[in-house]
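Chemist: next input, structure requested:
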Amino acid sequence: MKKTHIIILVAIAALIVTLIIFSASDFSTYDTINSAKAKPGKYVHLIAKVDKSQPIEYDPLNNPNYLSFYAIDSLGGKTKVIYRNSKPTDLEKSERVVMKGKMQADHFECDNILLKCPSKYKDDKEQLQKTITDQAAPSGAGPTDSAYSKQ
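Modeler: Sure, this is the predicted structure:
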C-alpha cells in the first residue's frame, strides 16, 4: 500500500472514533426521579406529571422568569421543579411533562419543558373509531338500502 492510502485509512478511522465519542454523549434516556437524585448535577430527561395537590408558584409581575411546581413520576417519585423561564401555556392541563435539566440537592433545575396533552386527541380518536365501524358494516345494511327495500 502507498503511504497516502495508509494516511487516508487512519484519518477515516480517527473520524469514525470521533463521531462515536461525540454522538454517545448526545444519546440520552428518560430517568426516574429517584435515579436522577442518585446522579446530582448530571443532565437528564424526566417524564412526570404535575402534582396538582401542591401549589404552582408563578408570579409574572414580580419575576416572569421563575416557575416552581412539584412533579410525580410513574413510580411515585416526587420532586420540586424550578424552571427559570416563563410558564408554559396549559401546564395545569397537561397529562405528562417532559423535563430536561439537572437534579440539585433539593430540587430539579429544569432547562426545557415539553408538555404532552393526549386528551386533546380524544374526540378525534372516537370519531375515527366510529368511521371505521361504519365502513366495516356490510354494504347492504346501509340506511338508504333498507329504505328502498320497503318500497
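
Chemist: dump the residue contacts of A36.
Modeler: Contacts for A36 were tallied using CB atoms under 8 Å, 6 or more residues apart in numbering; they are K42, V44, L46, T79, M103, F108. Using the backbone N, CA and C atoms, a C-beta is placed for each residue, glycine as well.

Chemist: help me confirm that it is found in a strand?
Modeler: No - under DSSP: H, G, I helix; E, B strand; the rest coil, A36 sits outside any strand and is assigned helix.

Chemist: would you mind naming the residues that bridge with the residue nearest to the spatial centre of the chain?
Modeler: Nearest to the mean C-alpha position of the chain, by CA atoms, centre = their mean, lies V98 at 4.0 Å. For V98, the beta-bridge partners under DSSP bridges are I47, L114.

Chemist: contacts only, for it.
Modeler: Y30, H45, L46, I47, I113, L114, L115, K116.

Chemist: biggest separation within these, which pair?
Modeler: Across the contacts of V98, the longest distance by CB to CB is 15.5 Å; it joins Y30 and L115.

Chemist: count of neighbours near the residue nearest to A71 when sequence neighbours are not counted?
Modeler: Distance criterion CB to CB, 6 or more residues apart in numbering; nearest residue to A71, sequence neighbours excluded, is A48 at 3.8 Å. A48 has 23 neighbours, counted by other CB atoms under 10 Å.

Chemist: distance between the lengthiest helix in the chain and the chain's centre?
Modeler: In the chain, with assignment by DSSP state H, the single longest helix is helix 3-26. Mean-position distance between helix 3-26 and its chain equals 33 Å (CA atoms, centre = their mean, to the nearest Å).

Chemist: next SSE after that helix?
Modeler: Downstream of helix 3-26, the first helix or strand assigned by DSSP states H and E is strand 30-31.

Chemist: which other helices and strands contact that next one?
Modeler: Strand 30-31 sits against strand 43-50, with contacts defined as 3 or more CB pairs under 8 Å, 6 or more residues apart in numbering; DSSP states H and E.

Chemist: in the next helix or strand after the strand it packs on, what counts as buried?
Modeler: Next along the chain after strand 43-50, taking DSSP H and E as the criterion, comes strand 57-59. Within strand 57-59, the residues scored as buried using 16 or more other CB atoms under 10 Å are Y58.
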